[in-house]
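[1] Predicted coordinates and the sequence they were generated for:
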Amino acid sequence: VESESHSNKTTHMDVLIHFEEGVLFEIDSKNQSCKKETLKYRRHPMELPSDATHESETYLGSPSKSEQGLRVRMWDGKLPDLHANYTMLTTSCGCLTVYCCYHSEKTDLTFSFMNVETEVEDTQVFVPPAYCDGVA
């Protein structure tokens with residue numbers, strides 16, 4: 001779910017992305033409309049590209065509070081086929097992505113994996129609403 005405000009205009013977008021099938025549903029629950037698109041890039045946002053450049057390492061949290069923060073590494077790179085760049089934060093070992101931002105002239109996509117639910121009781125959250133049925 002994305003919400004943003006700029007130039008006295010607020011936008012809200014709800015997107016359901018199925019990376020394995022390479023599709024996304026842009027859902028407008030207010031107008032009960034749905035648009036299905038093919039993903040232009042099939043890489044999962046948690047996957048650190050092999051050609052990523054390590055930029056820095058930092059600590060999220062208070063360094064004075066032992067073991068209550070998270071040491072992360074920042075990585076940058078380019079996606080030439082999409083004319084886009086990305087910035088990723090991983091744990092210090094590089095094994096778990098905690099944040100990713102893809103940015104281009106037209107689109108910015110941000111993924112945060114800080115509050116990931118490991119168990120989802122309502123699996124309906126992964127099913128597009130009924131008004132998405134039959135969307136070309």
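    Looks like it arrived, so ask away.

[2] who's in contact with the residue nearest the centre of the chain?
    For the chain, the residue nearest the mean C-alpha position is residue 111 (2.3 Å; C-alpha atoms, centre = their mean). Taking C-beta atoms under 8 Å, 6 or more residues apart in numbering as the criterion, residue 111 is in contact with 45, 46, 99, 100, 101. Where C-beta positions appear, they are placed from N, C-alpha and C, glycine not excepted.

[3] For those residues, name the two members farthest from one another.
    46 and 101 (13.0 Å; C-beta to C-beta).

[4] among the contacts of residue 111, which ones are buried?
    Among these, those buried by neighbour count (16 or more other C-beta atoms under 10 Å) are 45, 99, 100.

[5] Among the residues you listed, which are located in strands?
    99, 100 (DSSP state E).

[6] Flag the shaky bits of this protein, pLDDT-wise.
    1-13, 42, 136 (pLDDT under 70).

[7] try 90 this time
    Filtered on pLDDT under 90, the chain yields the residue ranges 1-51, 58-71, 79-84, 92-96, 101-136.

[8] would you list the contacts of residue 111 in a markdown table and tack on distance to residue 71?
    A markdown table is the format used below for the contacts of residue 111 (distance: C-beta to C-beta, whole Å):
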| residue | distance to residue 71 |
| --- | --- |
| 45 | 21 |
| 46 | 18 |
| 99 | 14 |
| 100 | 18 |
| 101 | 19 |
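
[9] for those residues, which one is nearest residue 78?
    Looking across these and measuring by C-beta to C-beta, the closest to residue 78 is residue 101, at 13.3 Å.

[10] Just send the buried ones among the contacts of residue 111 back as a markdown table, with distance to residue 55 too.
    A markdown table is the format used below for the buried ones among the contacts of residue 111 (distance: C-beta to C-beta, whole Å):
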| residue | distance to residue 55 |
| --- | --- |
| 45 | 18 |
| 99 | 13 |
| 100 | 14 |
